[in-house]
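A.B. asks: Output the structure for:
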Amino acid sequence: MKKLTLALLALILPFLANAQSFDKYESMKEVDAVVVTSKMFKLLTKIDLNADDPETQAYIDLIENLQEMKVLSTTKEDIRQQMALDVASYIKKGSMQELMRVSEDGKNVRFYYKPGKNDDYVSQLFMFMEGEEKDKPMSVILNITGEINLSQVSRLANDFKIPGGKELEKVEVN
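C.D. replies: Numbering: from 1, shown residues only. Modelled structure (predicted):
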């Protein structure tokens with residue numbers, strides 16, 4: 001029994017360490033952090049919206065299936081460098097696949113994903129942006145988990161005013 005517990009712990013530990021690698025940034029005063037949980041998304045679906053409108057219904061369907069959205073951004077150089085290292089390690093260790101890269105207007109944005117229930121959905125969407133926002137060097141991590149319809153996610157990013165969210169409009173499902 002002890003060997004089984006140790007074997008399970010050895011299998012699970014890398015996933016837990018990987019998942020927790022960005023939590024440290026939430027408490028840093030030089031980092032702006034926004035974390036929206038599934039409870040908040042559920043509350044947003046309860047707002048009295050016109051569900052007869054297909055676009056509104058698609059938006060409700062999107063946010064109803066999200067588990068968490070985390071946005072971390074900073075302009076502090078040493079933290080930006082550490083974020084870049086942590087992102088590289090996270091991508092290397094995880095089972096993420098590259099979705100696309102965008103380089104324009106002084107920004108380098110990379111998108112990664114984990115496959116979802118079918119080709120139109122992903123279970124995780126991860127973005128890392130390095131560049132300038134309003135003439136300041138900035139790094140942004142965006143991590144969204146749940147059943148994510150890529151055709152609707154850019155609207156969510158724009159509604160929450162996520163730096164680098166404009167680039168999500170270019171994401172296409174293969």
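
A.B. asks: can we go C-alpha only for contacts and neighbour counts from here?
C.D. replies: Noted.

A.B. asks: can you map out the helices along the protein?
C.D. replies: For the chain, applying DSSP state H gives helices covering 2-20, 38-45, 54-64, 77-93, 150-159.

A.B. asks: so where's this protein uncertain?
C.D. replies: 1-21, 45-59, 152-174 (pLDDT under 70).

A.B. asks: can we see that at 50?
C.D. replies: The chain contains residues with pLDDT under 50 at 1-2, 4-19, 173.

A.B. asks: Around T145, count how many other residues there are.
C.D. replies: Neighbours of T145 under the rule other C-alpha atoms under 10 Å: 20.

A.B. asks: Now it: closest residue in space that isn't a chain neighbour?
C.D. replies: Of all residues not flanking T145 in the chain, Q124 sits nearest, at 4.4 Å (C-alpha to C-alpha, 6 or more residues apart in numbering).

A.B. asks: can you pull up the bridge partners for that neighbour?
C.D. replies: With DSSP bridges as the criterion, Q124 is bridged to K114, T145.

A.B. asks: What is the neighbour count of F111?
C.D. replies: By other C-alpha under 10 Å, 21 other residues sit near F111.

A.B. asks: Which residues are in contact with it?
C.D. replies: F111 sits next to 98-101, 125-128 when contact means C-alpha atoms under 8 Å, 6 or more residues apart in numbering.

A.B. asks: if you look at these, which of them are in strands?
C.D. replies: The strands, defined by DSSP state E, take in 98-101, 125-128 from those.

A.B. asks: Now tabulate those in TSV and tack on distance to M138 and neighbour count.
C.D. replies: Shown next, in TSV, are the ones in strands among the contacts of F111 (distance: C-alpha to C-alpha, whole Å; neighbours: other C-alpha atoms under 10 Å):
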residue	distance to M138	neighbour count
E98	22	15
L99	22	17
M100	20	15
R101	17	16
L125	20	25
F126	17	22
M127	14	24
F128	11	23
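
A.B. asks: Which one of those residues is nearest to Q67?
C.D. replies: Nearest to Q67 among the ones in strands among the contacts of F111 is L125, at 11.7 Å by C-alpha to C-alpha.

A.B. asks: Nearest spatial neighbour of the closest one, chain-adjacent residues omitted?
C.D. replies: Distances taken as C-alpha to C-alpha, 6+ apart place Y113 nearest to L125, at 4.6 Å, with adjacent residues excluded.
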